[in-house]
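Asks: Here is a sequence with its predicted model. Questions after.
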Amino acid sequence: MKPVSVGICGLGTVGSGTFNILKRNAEKISGRIGRDIVVTQVGARRDNPACDLTGVDVTRDIFDVAKNPNVDVVVELIGGYDVAKELVLTAIEHGKHVVTANKALIAVHGNEIFAAAEKKGVTVAYESAVAGGIPIIKAIREGLAANDIDHLSGIINGTGNFILTEMSQKGRDFGDVLKEAQELGYAEADPTFDVEGIDAAHKLTILASIAFGVPLQFEKAYTEGISKVTPQDVKFADELGYRIKHLGIAKLTQDGVELRVHPTLIHESQLIAKVDGVMNAVAVHGDAVGDTMYYGPGAGSEPTASAVIADLVDLARTFDADSNARPAHLGFQPESINNIGVLPVEEIETSYYLRMEVQDHAGVMAKLTQILSDRGISIEAMMQKEAKGGSSNATVVLLTHEVKEKVMNEAITEIEAFDDVSGSVTRIRAEHSE
Ligand SMILES: NC(=O)c1ccc[n+]([C@@H]2O[C@H](COP(=O)([O-])OP(=O)(O)OC[C@H]3O[C@@H](n4cnc5c(N)ncnc54)[C@H](O)[C@@H]3O)[C@@H](O)[C@H]2O)c1
Ligand SMILES: N[C@@H](CCO)C(=O)O
Ligand code: NA
């Protein structure tokens, strides 16, 4: 069979990994498909010393690749929104399939890009965009196709999990660990995307769409980063038997879709609490299958390239078939996607960890518990730490049962107005069941 001809745009961390694995494992890959996958052209601003480009047509203009009549599939690995969007739409216009690792592009412009691809009868594949090397798109879209999926949650940013793990296990400094994640090729070009949860929200948006059959609605996702998680909270959570993880949570409720990324306390007995370093994990619940969990490296050159090539293999296998032979872009046929809205964060229901500084005298605790019980908020655990050196201050840590966020907001406002509480209340959401 005729080889499938690939053009790679961007030869950085993921691009170089893709190029090198395609070369190294060429025989294994064609043995699986029954045809070769050949890199015909590379579009890169500069050569990458990690890649031997002998015999490959190299261009400095990535749009040459998108228009090259000898290229069947364009692999977009430049990142970013604008140029990447133009590149992908140009490739589609020229009748080419596209493989991309760009979750920002898919989460923000996916509805438009998929519509253009469907009109042209080509496919835009994006397995590498979510949870790196874990085949999570394939698992949900194909492996769980029988199910009514109602919730999923996961650690879906490798950089953030690497930072939290190194901070909590080795007491390392935030900035120092972030620098290492950048050197290892885990971080986004702008690492605030990792640290502030934007990257995880991009991925969660995509997962919620393919799991629930709803449109991509990134702009409505609630996003909170890890930069304000303090070593003190990590330690107190640990004493209560919890780990703090940066979790993406999506739920399909009767009132709408929950779509939120924030630091979350997870009981140490839960599997997801044990996912450390650059590893990612996604838990998905389906009505037929029950609870499932997918684990693997969430970032890095070859783990991500592994997923890029999985998409190339899928395309090569169905290359001569009608586009209906491939799964629908968002897992459901466009006419079966339900326009269900995203719930404001005030409407979500969850448990909370609260930490506050109080005057250590009689009646303070009674008042705090009264403020909570007035709103039907019950307390699961409570801890009081006396300040050292004879100060009259103490730190109080509370873990509550589930309550609506807007009710908790009112309780916190009242607690902060109470004279015996100094400063603001630190609040971290907690999950009991995930
Ligand atoms: N690094 C990871 O672990 C990882 C994992 C999953 C997804 N991704 C995604 O993969 C994509 C690439 O990430 P990366 O880590 O390889 O980034 P990178 O910065 O290492 O590589 C991007 C490359 O593209 C090149 N480039 C950018 N604009 C260009 C242009 N207009 N013309 C020619 N070359 C251009 C850059 O020079 C660079 O070499 C991003 O969308 C990222 O979000 C990365
Ligand atoms: N910067 C991303 C890359 C993988 O998508 C992460 O750290 O998870
Ligand atoms: Na993946």
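Replies: Yep, that arrived. Ligands and ions are numbered 1, 2, ... in the order given.
Asks: Any regions of this protein where pLDDT drops low?
Replies: By pLDDT under 70, the low-scoring segments of the chain are 390, 433-434.
Asks: give the contact list for residue 67.
Replies: Contact analysis of residue 67 by CB atoms under 8 Å, 6 or more residues apart in numbering lists 90, 94. Placement of C-beta: from N, CA and C, glycine included.
Asks: Please repeat the previous calculation with a cut-off of 6 Å.
Replies: With contact set as CB atoms under 6 Å, 6 or more residues apart in numbering, residue 67 has these partners: residue 94.
Asks: How about residue 309?
Replies: By CB under 6 Å, 6+ apart, residue 309 lies in contact with residue 21.
Asks: gap between it and residue 26?
Replies: Using CB to CB, to the nearest Å, residue 309 is found at 11 Å from residue 26.
Asks: which bits of the stretch 201-350 of the chain sit near ligand 1?
Replies: Residues of the stretch 201-350 of the chain found near ligand 1 (CB under 6 Å from any ligand atom) are 299, 300, 304.
Asks: one more time with 8 Å
Replies: Contacts of the stretch 201-350 of the chain with ligand 1, taken as CB under 8 Å from any ligand atom, map to 298, 299, 300, 301, 303, 304, 307.
Asks: Now do the closest residue to residue 185 other than its chain neighbours: how many residues are near it, please.
Replies: In this structure, residue 185 finds its nearest non-sequential neighbour in residue 13, 3.8 Å apart by CB to CB, 6 or more residues apart in numbering. Residue 13 has 23 neighbours, counted by other CB atoms under 10 Å.
Asks: can you check the one 5 residues further on too?
Replies: Residues lying near residue 18 (other CB under 10 Å) number 30.
Asks: Is it correct that it is in contact with residue 304?
Replies: No - using CB atoms under 6 Å, residue 18 and residue 304 do not qualify as a contacting pair, with a distance of 8.3 Å.
Asks: Distance-wise, check residue 316 relative to residue 31.
Replies: For residue 316, the distance to residue 31 equals 12 Å [CB to CB].
Asks: picking that back up, most neighbours, which of the residues of the stretch 201-350 of the chain next to ligand 1?
Replies: residue 298 leads those on contacts (other CB under 10 Å) with 32 neighbours.
Asks: how about the residues of the chain near ligand 3?
Replies: Counting by CB under 5 Å from the ion, the residues of the chain close to ligand 3 are 127, 130, 131, 134, 136, 307.
Asks: beta partners for the residue nearest to the fourth one when sequence neighbours are not counted?
Replies: Yep, that's residue 134 we're talking about. Closest residue to residue 134 apart from its sequence neighbours, by CB to CB, 6+ apart: residue 296 at 4.0 Å. On the basis of DSSP bridges, residue 296 is bridged to residue 280.
Asks: what about residue 296, how many neighbours?
Replies: Around residue 296 there are 19 residues (other CB under 10 Å).
Asks: Verify the stated contact: it with residue 136.
Replies: No - with contact defined as CB under 6 Å, residue 296 does not reach residue 136; the gap is 8.7 Å.
Asks: secondary structure element for residue 292?
Replies: For residue 292, the host element (DSSP states H and E) is strand 290-297.
Asks: Could you dump the residues of the chain next to ligand 3 into a markdown table and include secondary structure?
Replies: What follows is those, written out as a markdown table (DSSP: H, G, I helix; E, B strand; the rest coil):
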| residue | secondary structure |
| --- | --- |
| 127 | helix |
| 130 | coil |
| 131 | coil |
| 134 | coil |
| 136 | helix |
| 307 | helix |
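Asks: Next, format the residues you listed as CSV and append distance to ligand 2.
Replies: Output for the residues of the chain next to ligand 3, formatted as CSV (distance: CB to the nearest ligand atom, whole Å):
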residue, distance to ligand 2
127, 11
130, 7
131, 7
134, 11
136, 11
307, 10
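Asks: For these, which entry has the maximal number of neighbours?
Replies: With neighbours defined as other CB under 10 Å, the most crowded of the residues of the chain next to ligand 3 is residue 131; it has 34 neighbours.
Asks: give me every residue that touches that residue.
Replies: By CB under 6 Å, 6+ apart, the contact set of residue 131 is 156, 280, 282, 298.
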